[in-house]
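Participant: Model the structure of this input:
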Amino acid sequence: MSKLNISKKEAIAEIVQSFRKIFKYIQQYSEEVLKEFGVTGPQLWLLKTLHDDNGTPVSELSQKMFLHISTVSSIINRLEEKGLIERKRTKTDRRKVFIHLTDRGEELIVKAPEPAQGKLLHGLQKLSSEEVLGLYKSLEKIVQLMEVDRIKVKFFFSEE
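Facilitator: Modelled structure (predicted):
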């Protein structure tokens, strides 16, 4: 809950504390999901995204997750090795590949919590355009202040 009358020093302390809470939540979430379900946070996120629209092309999954297609393909490879998804090609155009959950994938999804990245995306999509733009500008400024604007990342706490 935001405070109306807060000093700059108090605001800075609250900002840092908020980032600590976010990072701690994501770290704990990632560790718990890997330990309990044997998949990483990003893998669970793809499974949950696929569950919402089973039989999705790779390019569409990439767009829904706001990730590069090569990143999504890498996650798909790992999930396929685990027997949680399968690729199916159409008979009319063998170039088109659709990703489907296997029975094992469906079972995992029913038991697993909502992915952290999914929560963030769903929450951001509920905000107004002005709120999203304000957050974007603020986070862009933080990235510049920390001098991390050249770092390439894909996921929170993941090697995906």
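Participant: Isn't K48 up against P115?
Facilitator: Yes: counting by C-beta atoms under 8 Å, K48 does reach P115; the two are 5.4 Å apart. Yep, even glycine has a C-beta here, placed from its N, CA and C like the rest.
Participant: So which residue is smack in the middle of the chain?
Facilitator: Residue closest to the average C-alpha location in the chain (C-alpha atoms, centre = their mean): Q117, at 3.0 Å.
Participant: Name the nearest residue to that one, ignoring sequence neighbours.
Facilitator: Once flanking residues are discounted, Q117 sits nearest to W45: 4.9 Å by C-beta to C-beta, 6 or more residues apart in numbering.
Participant: how about the helices in this structure?
Facilitator: All helices of the chain, identified by DSSP state H, fall at 8-37, 41-52, 58-65, 69-81, 103-111, 116-126, 129-145.
Participant: Make JSON lines out of those helices and add mean pLDDT and distance to R94.
Facilitator: Below are those laid out as JSON lines (pLDDT from 0 to 100; distance: least, C-beta to C-beta, whole Å):
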{"stretch": "helix 8-37", "mean pLDDT": "90", "distance to R94": "33"}
{"stretch": "helix 41-52", "mean pLDDT": "90", "distance to R94": "21"}
{"stretch": "helix 58-65", "mean pLDDT": "90", "distance to R94": "14"}
{"stretch": "helix 69-81", "mean pLDDT": "94", "distance to R94": "17"}
{"stretch": "helix 103-111", "mean pLDDT": "94", "distance to R94": "23"}
{"stretch": "helix 116-126", "mean pLDDT": "86", "distance to R94": "31"}
{"stretch": "helix 129-145", "mean pLDDT": "94", "distance to R94": "40"}
